[in-house]
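> I would like the atomic coordinates for the input below:
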Amino acid sequence: MSSTIGQGVQALVVAAGRGLRFGGALPKQYGRLAGRPVLRHAVEALLRHPGVDGVRVVIHPDDRELYEAATAGLALADPVAGGATRADSVRSGLEALVPVAPRCVLVHDGARPLVDPDLVSRVLAALDDHAGAVPAVPVADTLKRAAGDGTVAETVARAGLWRAQTPQGFHFQRLLAVHRGRPAGLEPTDDAQLLELAGEPVVLVPGSEDNIKITHDGDLARAERMLQGPAGEIRVGTGFDVHAFAAGDHVWLGGLRIAHDRGLAGHSDADVALHALTDAVLGAIGAADIGHHFPPSDPQWRGAASDRFLAHAAGLVAARGGAVVHVDLTIVCERPKIGPHRAAMVARIAGILGIAPDRVSVKATTTEGLGFTGRREGIAAQAVATVRLP
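Okay, here's the model as predicted:
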C-alpha cells in the first residue's frame, strides 16, 4: 500500500455545475441513480476508501437544499460555495482545506458516481513519486476533426491519446499554488492542466471504462445497468416491532414527533416504525437485527433518535455497493391517527434512506379493537425492504 495513504488525504467533490438533466430544472449531479442521487454515490465511494481522511463538496449556492437531501446522514463538513467556473469552484474548495493542511488532495467530479476503490488506490499510490496523477483510459476509436461545415477535415492519429477521468490526485500545496497563480482568462479543462502548464510532469494511471460521467439521460440508464451488473441480486427483508404505551405527551413515529396523550416505552426514542424498517433493511443483507447493532444494554443509545439506526442500516447496504430500492411500512394502532402524518412520514423516511419518496410506502391499520393494539396498550409496526446488491 502506498505510503501516501493515511498521511492526510482530503477529497474535493466538485458539484457546482448547472448542467441540467433531460432539459429540466434538476442539475445532473442530483439526478436519481438506483434510487439515490448521483452525487451521493460519488461521495460515498470516496468516504468508504480507507486512504481518504475526509470529503468536502463544492456546490452551487442555489443547491443547498438539494445537497442536504442528497447527503443526509453522511459525515461531511459544511459544503463550499462554488464559483462561476469549474476552476473557480476548485480554487474555493482548496482554500477551504487550507486549515486542514492535507498532504494530498483528490479532485473528483460529482457526476461520476461509479468510481471504484482500486482506481482511487492507484491514484494515491502514484502521488508517492509524482506531484499529480490522472486516471485515464486509452482512446480506442478513430478520431476525426470536423470542418466548419461538418465535413471531415482530417483524421487524427490516436497513438498516445488518453481520456482523462477523475478523481485526479495532487500534492495539496502544489495544486493550491498553481490555482492561486492561474493567469487571468485561462480556463483549464481539468486541474492537471495547470500543473502541466507549470512544467511539472503529471503521471497517467489506469482508469476504468466503468467510471463514466453522467452527462445525458442515457448515461443514467447505462449507470443503472452497470450497478445492477450481470450478477445483480434483489433481496427482501422483513421487520416487526412493538412498543407499549407509557406516560408522556407525544410519540415518535416514522421519524416524526406526534402529539399524543401517551408516550411509548423504550430504551431509545421508541420509534416503532423506524425500528421495524431498520430490521427489514438489515434482514435483506443478512446483518442480524437492530439489537445486535444498538444493544439496549448500552447506555449511549438511551433516548437516541431512531433515524440514526435506519441510516446505519442503509449505510451498510451502500458499503456493499448496493441500494435500498423500496420500503413498505404498516403501522398498527388505534391512536394516534396516521393519515394526517402519512406524507410527512414518507418524506422523512425517504430522506433518511436517500431514496425518492415514491420508493417509500406508509400504511396504517387497526385490529378492530382486538389484541393489545385494539386495547390501546401499544403500537406495532411491520416493514418490508427491497434491496439491490451487485
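> contacts for whatever helix or strand Arg348 lives in, please.
If you go by DSSP states H and E, Arg348 is part of helix 342-353. If you take Cβ atoms under 8 Å, 6 or more residues apart in numbering as the criterion, helix 342-353 is touched by 69, 72-73, 253-256, 273-274, 277, 307, 310-311, 314, 324, 327, 329, 338, 356-357, 359-362, 364. Using the backbone N, CA and C atoms, a C-beta is placed for each residue, glycine as well.
> now do it, average pLDDT.
Average pLDDT, helix 342-353: 94.
> pull the distance from it to the chain's centre.
Mean-position distance between helix 342-353 and its chain equals 17 Å (Cα atoms, centre = their mean, to the nearest Å).
> any chance you could map the helices in the stretch 101-250 of the chain?
Applying DSSP state H, counting those that start in this stretch to the stretch 101-250 of the chain gives helices spanning 117-126, 172-180, 192-197, 217-228.
> residues touching the residue nearest to Pro37 when sequence neighbours are not counted, list them.
Residue nearest to Pro37 in three dimensions, not counting chain neighbours: Ala70, with 3.9 Å by Cβ to Cβ, 6 or more residues apart in numbering. By Cβ under 8 Å, 6+ apart, Ala70 lies in contact with 30, 36-37, 39-40, 354.
> still on that earlier bit, separate out the buried members of the contacts of helix 342-353.
The neighbour-count test (16 or more other Cβ atoms under 10 Å) marks 72-73, 253-256, 273-274, 277, 307, 310-311, 314, 324, 327, 329, 338, 359-362, 364 as buried among the contacts of helix 342-353.
> quick one: which of those residues sit in helices?
Of the buried ones among the contacts of helix 342-353, the ones assigned to helices by DSSP state H are 273-274, 277, 307, 310-311, 314.
> out of the residues you listed, which is nearest to Leu114?
Ala314 (18.8 Å; Cβ to Cβ).
> for that closest one, give its distance to Leu106.
Separation of Ala314 from Leu106 (Cβ to Cβ, to the nearest Å): 24 Å.
> now Gly248
48 Å.
> which one's more surrounded, these two?
More crowded of Gly248 and Leu106, by other Cβ atoms under 10 Å: Leu106, with 26 against 13.
> quick one, grab the pLDDT at that one.
Looking at Leu106, its pLDDT is 98.
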